[in-house]
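Asker: Give me the fold of what follows.
(chains A and B)
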Amino acid sequence: MAGTVSRMNKGESSFQARSATRDPFWMRATILTLGLGFFAIFLLLPLVVVFAEAFRKGFETYWAALVDPDAQSAIRLTLIAAAIAVPMNLVFGVSAAWAIAKYNFPGKAFLTTLIDLPFSVSPVIAGLIYVLVFGAQGWFGSWLSDHDIKVIFAVPGIVLATVFVTFPFVARELIPLMEAQGSDEEEAAIVLGASGWQTFWRVTLPNIKWGLLYGVILCNARAMGEFGAVSVVSGHIRGQTNTMPLHVEILYNEYQFAAAFAVASLLALLALVTIAVKSLVEGLASRTSTREGGR
Amino acid sequence: MAGAYANRKVLPGFKLTLGFTVAYLSLIVLVPLTAVFLKTSVLTADQFWAQITAPRAMASYRLTFGASLLAAAINAVFGLMLAWALVRYSFPGRKIVDALIDLPFALPTAVAGISLTAIYAKNGWLGQFLEPLGIKIAFTPVGVLVALIFIGLPFVVRTVQPILEDLDTEYEEAAASLGASRWETLRRVVIPALFPALLTGFALAFARAVGEYGSVIFIAGNMPLISEITPLIIITKLEQYDYAGATAIASVMLVVSFVLLLVINLLQAWVARSGGKES
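Answerer: Below is the predicted model of the structure:
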């Protein structure tokens, strides 16, 4: 491409022609220095600090913080909340993407916007709304206490808040993907006599599997790491309603920094695994789509 | 249109999936959100106004919106540089940098919060060097800014990057062959093409920053009137069982969020349009 330009530009000095789309050295140097410096200070350093602080007092303190019964119960609760919230939003995401991508109906754009709504709401408000609905003074407060059901300051509230903040992840990955793929393949399957479910499992699912996996891992990372929303509904009862991020907060506020960073390092590890899987999935997905595009 | 109608007949499951989608959306999101506006109705208009314009609340809006705007602006500048470096330049470790841009999406906010505090506190990793210079970051409004920069950066990079990847260098070559200097080409050709995406990234980073809680509260110091963000005011009121007060502040934030969501939707439509025109 540079060759074409230099031929077209014979009249100009050849130096200028070669640099047609090449940034001058000072610009490259400035952008790389400032951009990467910013990256190093604002993104890389916080990540390094988590692990460095976690091991500052040695491996034994690190290990003790992780096997502590309160830490164990926080890990368990985090896993439970994610294990309920992620499948719920997975089913919702597939269902919403099917309805929105495969059909035309009035209000479709509005519905798509509403699905994104939880991302624009502050996590604190996400927690607050469930307190207003299920809390002691809330809509169902007296009914729930009459029937001895605890939602707020208990596990159901934590699960609900987690579902809210991770609500759009799977749907927003799948909707553009399924819209781009169209429904020709599904229609062919139906015309050839497949049932709706067979069409979904055999035709749609293989086509969307990478996008689906991508949505699920992002959803899971947020579900396990959510702090604000869960903090409002949890009540911070040690060993009972503490998730991992809340346990980190408690340890930190008690000046047990090494222990706080030890638990935090598990969450940072989860973030790194999430990013690694995401990069892998993106690589696989682009390879599949190029192959299909070339076909 | 005829094709769309035929779709509906051929593919099964429209009623089931749309019905489930709307029901689930209503139960989890829409109905609980209306609770905020219904709860504020227990306050008279005067009480509501007094709640949302109390000095502490006003100071928190100034901090939350001011720091969010500044953080989004800083991210727009450096995010553009990073996107440019990732798409146009090759350097060692480019793939790793590209992957790690998503770190703020994946790292729990509480973890980011305590880590940033450990960096910028008085005896922290960078704080120990900044403190003798008279620069205080942790437990000041600047700390809030630092946390909001952290969480907002990927929004700008990830919005600008795909547009930059699709931007054909032919336009830049054409501008150069017509005699434009590199600077003129960037200013007249590249920046206008990237502008809608850059503005969208800015708006997304701003919207996220306004509602942010976890990464901020550790580093902010949370001093009333000075370094107290609006989401924290809601939490404080909730802890004092002042549900009506918490809800009044929350309704202000919700209205702002809805307006931002609308603006972002319009911006994204603009990006799609201007991107479409080019290809």
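
Asker: Against residue B:107, how distant is residue B:225?
Answerer: Distance, residue B:225 to residue B:107, using CB to CB, to the nearest Å: 30 Å. Heads up, the C-betas are built off the backbone N, CA and C, glycines and all.

Asker: the more surrounded of these two?
Answerer: Between residue B:225 and residue B:107, residue B:107 has the larger neighbour count (other CB atoms under 10 Å in any protein chain shown), namely 28 against 12.

Asker: Check whether that one really touches residue A:43, as I assumed.
Answerer: No: using CB atoms under 8 Å, residue B:107 is not in contact with residue A:43, being 9.2 Å away.

Asker: Could I get the contacting residues of residue 75?
Answerer: Because you didn't say which chain, this covers chain A. A:244, A:266 (CB atoms under 8 Å, 6 or more residues apart in numbering or on different chains).

Asker: ah, no, chain B please
Answerer: B:149, B:152-153, B:155-156, B:201-202, B:205.

Asker: Please repeat the previous calculation with a cut-off of 6 Å.
Answerer: B:152-153, B:156, B:205 (CB atoms under 6 Å, 6 or more residues apart in numbering or on different chains).

Asker: same thing with residue B:149?
Answerer: A:42, B:71, B:74.

Asker: Give me the distance between it and residue A:167.
Answerer: 26 Å.

Asker: circling back to that earlier point, so can I have TSV of the contacts of residue B:149 showing secondary structure?
Answerer: Shown next, in TSV, are these (DSSP: H, G, I helix; E, B strand; the rest coil):
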residue	secondary structure
A:42	helix
B:71	helix
B:74	helix
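
Asker: Sketch out the low-pLDDT regions of chain B for me.
Answerer: Residues of chain B meeting the criterion pLDDT under 70: B:1-9, B:275-279.

Asker: Kindly report the domain assignment for it.
Answerer: B:1-41, B:44-278 (automatic domain parsing).

Asker: Residue A:121 is nearest to which of these?
Answerer: domain B:44-278 (5.6 Å; CB to CB).

Asker: Quick check: closest non-adjacent residue to the residue nearest to the spatial centre of chain B.
Answerer: For chain B, the residue nearest the mean C-alpha position is residue B:205 (2.3 Å; CA atoms, centre = their mean). Closest residue to residue B:205 apart from its sequence neighbours, by CB to CB, 6 or more residues apart in numbering or on different chains: residue B:152 at 3.3 Å.

Asker: Please, which helix or strand holds that neighbour?
Answerer: Assigned by DSSP states H and E, residue B:152 belongs to helix B:141-166.

Asker: Name the residues of the stretch 51-200 of chain A found near chain B, please.
Answerer: A:53, A:92, A:95-96, A:98-99, A:102-104, A:113, A:117-118, A:120-125, A:128-129, A:132-133, A:137, A:163-164, A:183, A:186-187, A:190, A:196 (CB under 6 Å from any CB of the partner chain).

Asker: May I see the ChimeraX selection of the buried members of the residues you listed?
Answerer: Entered in ChimeraX, the line below selects the buried ones among those, by 16 or more other CB atoms under 10 Å in any protein chain shown:
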select /A:53,92,95,96,98,99,102,103,117,118,120,121,122,123,124,125,128,129,132,133,163,164,183,186,187,190
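
Asker: give the contact list for residue B:240.
Answerer: Per CB under 6 Å, 6+ apart, neighbours of residue B:240: none.

Asker: Tell me the spacing between it and chain A.
Answerer: 13 Å (CB to the nearest CB, to the nearest Å).

Asker: Likewise for residue B:99?
Answerer: For residue B:99, the distance to chain A - CB to the nearest CB - is 5 Å.

Asker: So what's the residue count around the residue nearest to residue B:205?
Answerer: Residue B:152 has 28 nearby residues by other CB under 10 Å.

Asker: can I assume it is in contact with residue B:209?
Answerer: Yes: contact status for residue B:152 versus residue B:209: in contact at 5.3 Å, counting by CB atoms under 6 Å.

Asker: any shared contact partners between these two?
Answerer: residue B:71.

Asker: Which positions within the helix ranked longest in chain A qualify as buried?
Answerer: Longest helix in chain A, counting residues (DSSP state H): helix A:257-294. In terms of neighbour count (16+ other CB under 10 Å), helix A:257-294 has its buried residues at A:257-268, A:270-272, A:274-275, A:277-279, A:281, A:285.

Asker: One more: stretch B:48-55?
Answerer: B:48, B:51-52.

Asker: again with stretch B:191-207
Answerer: So for stretch B:191-207, counting by 16+ other CB under 10 Å, buried means B:193-194, B:196-207.

Asker: And the pLDDT for residue A:286?
Answerer: Looking at residue A:286, its pLDDT reads 77.

Asker: nope, residue A:17 is what I was after
Answerer: Reported pLDDT for residue A:17: 43.

Asker: and what of residue A:20?
Answerer: For residue A:20, the predicted pLDDT is 60.

Asker: which residue does the stretch 1-150 of chain B bring closest to chain A?
Answerer: residue B:108 (2.8 Å; CB to the nearest CB).

Asker: which residues touch that residue?
Answerer: For residue B:108, counting by CB under 6 Å, 6+ apart, the contacting residues are A:225, A:245, A:267.

Asker: Relative to residue B:216, how far out is it?
Answerer: 13 Å.

Asker: Name the residue of the stretch 151-279 of chain B that lies nearest to chain A.
Answerer: Counting by CB to the nearest CB, the stretch 151-279 of chain B gets nearest chain A through residue B:211, at 2.9 Å.

Asker: Thought residue A:122 was touching that residue, still the case?
Answerer: Yes: the criterion here is CB under 6 Å, and residue B:211 meets it with residue A:122 at 2.9 Å.

Asker: Kind regards, and thank you for your time.
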